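Colleague: any chance you can model this:
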Amino acid sequence: MEPLTVPLAFTATLATDYAKIEREAKGYHATMKEEAGSFKELLDSYKLEAEQALQAVKDQAAEAGVATNAQIFLTDSENHGSTAKKWLTATIWSSIVTLVVAVIFVVISFNYQPANTAAAIQYVVSKLILLSTLSFGIFWCARNYKSSKHNETLNKHRANALMTFRAFVEGSGEQQIKEAILLQAAQAAFVNRPTGYEGQEKESQSINPVVEILGKTVAKSASSAQ
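Modeller: The predicted structure follows:
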């Protein structure tokens, strides 16, 4: 039996098709590699879609935040506008009352005959005090009216700056221009601007966007050179 075992094993070895096994193994390997590539492409597409969705959510959140802040300024502007109308009405009525009282005093003065100098002085002083009080009321109402109109105009300007901010940013392709627009929008939102309603207005000191951009550019160039 033992002499026949070796020839039979050798014959079985010769009958085995190793080339076929190798081809099948290569086929399986190619199939697995192709499926792995397809799976990687699918994962990449899902990753890209997720990043795009995340960016869209961020953009919507940014737009919503800007719109919300703009609405806050717009609401405040409307409130100051309503208050300004009330102060304007008060100014008009104060002026009318003061004018009527002054006319009455003038008419009465023609028929008034003081008994002595002291009575005349007392009469004039009392009328001057009353007219001064009424005039101060006119001045106070007019001043509050101008302040309310100033705040109305300023907040409306801030709201307009924020509402147009996204359009200017999306319309520019360079990062430096976007930074300049952002700087201007921030200044419009937080820096006090002259509106013509306040006396001796001075514009608050602001950062020059050109100087700011040049400073950043020089700093980047210096760091790159090092």
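Colleague: give me every residue that touches A102.
Modeller: Taking Cβ atoms under 8 Å, 6 or more residues apart in numbering, we find A102 in contact with L131. Any C-beta I mention is one placed from the backbone N, CA and C, and that applies to glycine too.
Colleague: quick one: mean pLDDT for the strand or helix carrying it?
Modeller: Using DSSP states H and E, A102 maps to helix 18-111. Averaged over helix 18-111, pLDDT sits at 77.
Colleague: next one: stretch 160-177
Modeller: 74.
Colleague: buried set for that stretch?
Modeller: Buried residues in stretch 160-177, counted by 16 or more other Cβ atoms under 10 Å: A161, L162, M163, F165, R166, F168, V169.
Colleague: helices or strands up against the helix or strand following the helix holding A102?
Modeller: Going down the chain from helix 18-111, the next helix or strand is helix 117-163, by DSSP H and E. Judged by 3 or more Cβ pairs under 8 Å, 6 or more residues apart in numbering; DSSP states H and E, the packing partners of helix 117-163 are helix 18-111, helix 175-190.
Colleague: residues of the last one that come out buried?
Modeller: Buried positions in helix 175-190, judged by neighbour count with 16+ other Cβ under 10 Å: E179, A180, I181, L183, Q184, A185, A188, A189.
Colleague: pretty sure the last one sits against L162.
Modeller: Yes - applying Cβ atoms under 8 Å, one finds A189 in contact with L162, separated by 6.3 Å.
Colleague: which neighbours do these two have in common?
Modeller: Joint contacts of A189 and L162 (Cβ under 8 Å, 6+ apart) are N69, F73.
Colleague: nearest to L43 among the buried residues of helix 175-190?
Modeller: Among the buried residues of helix 175-190, E179 lies closest to L43 (Cβ to Cβ), at 35.2 Å.
Colleague: that closest one and F190, how far apart?
Modeller: Applying Cβ to Cβ, to the nearest Å, the value for E179 to F190 is 16 Å.
Colleague: one more: Y112?
Modeller: Y112 is 59 Å from F190, by Cβ to Cβ.
Colleague: next one: H157
Modeller: The value you get for H157 to F190, if Cβ to Cβ is used, is 12 Å.
Colleague: what sits against the nearest residue to G81 once chain neighbours are set aside?
Modeller: With sequence-adjacent residues excluded and distances taken as Cβ to Cβ, 6 or more residues apart in numbering, G81 is closest to E152, at 4.4 Å. Shown in contact with E152 (Cβ under 8 Å, 6+ apart): S77, E78, H80, G81, A84.
Colleague: let me know whether the third one touches N155 as I believe.
Modeller: This means H80. Yes - using Cβ under 8 Å, H80 is in contact with N155, at 6.6 Å.
Colleague: look up how far N151 lies from G137.
Modeller: Relative to N151, and taking Cβ to Cβ, G137 is found at 22 Å.
Colleague: could the buried residues of helix 175-190 be laid out in TSV, adding distance to L128?
Modeller: Listed next are the buried residues of helix 175-190 as TSV, based on distance: Cβ to Cβ, whole Å:
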residue	distance to L128
E179	61
A180	58
I181	57
L183	54
Q184	52
A185	53
A188	47
A189	48
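Colleague: thought N151 was touching D76, still the case?
Modeller: Yes - between D76 and N151 there is a contact at 7.4 Å, judged by Cβ under 8 Å.
Colleague: so between these two, which is more surrounded?
Modeller: N151 (20 against 17; other Cβ atoms under 10 Å).
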